[in-house]
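1. predicted structure and sequence below. I'll ask about it afterward.
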Amino acid sequence: MKYTPHDYQKYASDFIIKNETAAVFLEMGLGKTSITLTALDELLFDRFAVHKILIIAPLRVARSTWASEINKWEHLKNLKYSIAVGTEKERKAALTEKADIYIINRENVPWLIENYEFDFDMLVIDELSSFKNHQAKRFKALMKVRPKVKRIVGLTGTPSSNGLMDLFAEFKLLDMGERLGRFIGNFRNTYFTPDKRNGEIVYSYKPLPGAEETIYKQISDITVSMKAIDHLKMPELISTEYKVTLSEQEKKKYEKFKQELVLPEEDVTAANAAALSNKLVQMANGAVYSDDESIVKIHEQKLDALEDIIESANGKPILVAYWYKHDLTRIEERLDKIGIAHEQIKSDESIKKWNSGEIPAALIHPASAGHGLNLQNGGSTIVWFSLTWSLELYQQTNARLYRQGQRNTVVIQHIVCKETIDEDILKAINRKESGQNALIEAVKWRLK
């Protein structure tokens, strides 16, 4: 197929070519893979600026997305690639092949660096946000070889999904600490102040006044950012809440657990604040794991709401996002009871069936709904049965339907249990999204 780039795509490719260090923040649907490959092709064959490139990506994307894009476009026909995923034997075989581009999943980065001479002169990190933890093995491994790399590109649509603190590790990997510093302690002291704390123990930090603007200014020379809504004809988006109310007895049980961290009659305890949050989310969903891992059912309010939503859809396919295994079990039991065919989205075959309209109710876990998964042909309604604190997973899951090529209005329905932690999660997501949009806006290139 002939590649005819939009102006913004040409600009982004040129940005990668002109900048040896580039942070490219492109929202879903803008074609970041074809943009990057176009730049790599020119750097390899027209400018002879690089000779051997490593692409690090999420497993599903590493296995198929990059290869599909290379094979799709006529101008990339000279690119030779090798995919180093799978068993160790398969990875070793792929790394011995002669190629211009080698593609590996991020989980195997430490293995690659420990077992092979790192002779790549260009590095592309697809989903830079997965390197936001400066203490993670993959980050530390990559930092060891970072000085050997002549050029580096970081791609993501969610650079600071959990706040500005995420940017430290991401940009240290890109510029080795030139813009935001080499040490996390200095970065924190310069741009943040303690927020939630218990004596000397600090649980979280908040930006100092003016910190956001200063950080954006520091990284702006190597950063290009674009939002899909500015450059693509996106479908209409409707976000709604379907609120359910606990009975007085159910509410008392929820509040009792919240205050005392224990439900003695059910043998359910929460050891700390994080565990308490986890248990409260489960209770809001309608069931909770006891200390012996058995399932204690609390209520069926969300299941009733889901049944109402499906009935009102009148046969229109619905994608249901769940989090816990007991959510999945209870949802499947209810769907069986009301005679609605359903299937989990967890394989290429199930994706194909959904997109061809064969699955009335598809069940998806946000952690498996990430990058490179196109579900827009199968439906346009997603129901969040269980909410997630992760803005990145929330956005990525919604983007499976809300993307270029979607022909219908996209409806995002949140089943929210009133006066529970569900309401806190939605508020947190909205607050984080505001900060995320602020970053995008601050360094965004606007098409003239």
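-> Sure, I can see it.
2. going forward, measure contacts and count neighbours with C-alpha atoms only.
-> Fine.
3. I'd assumed residue 62 was in a helix, is it?
-> Yes: the assignment for residue 62 (DSSP: H, G, I helix; E, B strand; the rest coil) places it in a helix.
4. hang on, it packs against residue 103?
-> Yes: using C-alpha atoms under 8 Å, residue 62 is in contact with residue 103, at 6.0 Å.
5. intersection of neighbour lists for the two?
-> In terms of C-alpha atoms under 8 Å, 6 or more residues apart in numbering, residue 62 and residue 103 are both contacted by the residues 56, 83, 85.
6. circling back to that earlier point, looking at residue 62 and residue 103, which is more packed in?
-> More crowded of residue 62 and residue 103, by other C-alpha atoms under 10 Å: residue 103, with 26 against 22.
7. ok, residue 132 to residue 147 distance?
-> 19 Å (C-alpha to C-alpha, to the nearest Å).
8. same deal with residue 389?
-> 35 Å.
9. give me the more crowded residue out of the two.
-> When residue 389 and residue 147 are compared for neighbours, residue 389 comes out ahead with 16 against 13, by other C-alpha under 10 Å.
10. now for that one: which residues touch it?
-> Counting by C-alpha under 8 Å, 6+ apart, residue 389 has contacts 425, 428, 429.
11. now the helices for the stretch 1-150 of the chain?
-> Here the stretch 1-150 of the chain has its helices, by DSSP state H, counting those that start in this stretch, at 7-18, 32-45, 59-60, 66-72, 88-96, 109-115, 137-145.
12. who's residue 417 bridged to?
-> Beta-bridge pairing for residue 417 (DSSP bridges): residue 244.
13. now residue 236: closest residue in space that isn't a chain neighbour?
-> Distances taken as C-alpha to C-alpha, 6 or more residues apart in numbering place residue 409 nearest to residue 236, at 4.8 Å, with adjacent residues excluded.
14. give me phi/psi at the one you found?
-> Per-residue torsions, residue 409: phi -60, psi 130 (degrees, to the nearest 10).
15. that one - how many residues pack around it?
-> Residue 409: 16 neighbours (other C-alpha under 10 Å).
16. how about the one 3 residues further on?
-> The number of residues packed around residue 412, counting by other C-alpha under 10 Å, is 20.
17. residue 284 too?
-> Neighbour count for residue 284, taken as other C-alpha under 10 Å: 29.
18. same question for residue 77.
-> Residues lying near residue 77 (other C-alpha under 10 Å) number 11.
19. what does it show for phi and psi?
-> phi -60, psi -20.
20. confirm for me that it is in contact with residue 69.
-> No: counting by C-alpha under 8 Å, residue 77 does not reach residue 69; the two are 10.4 Å apart.
21. could you chop this protein up by domain?
-> If you go by automatic domain parsing, the domain ranges for the chain are 7-231, 233-245+300-417.
22. mean pLDDT for those: which is lowest?
-> Note on these: lowest mean pLDDT is at domain 233-245+300-417, with a mean of 90.
23. can you count the residues close to residue 308?
-> Count around residue 308 with other C-alpha under 10 Å applied: 11.
24. wait, a helix at it?
-> Yes: the assignment for residue 308, made by three-state DSSP, places it in a helix.
25. distance of it from residue 364?
-> 19 Å.
26. fine by me, we can end here.
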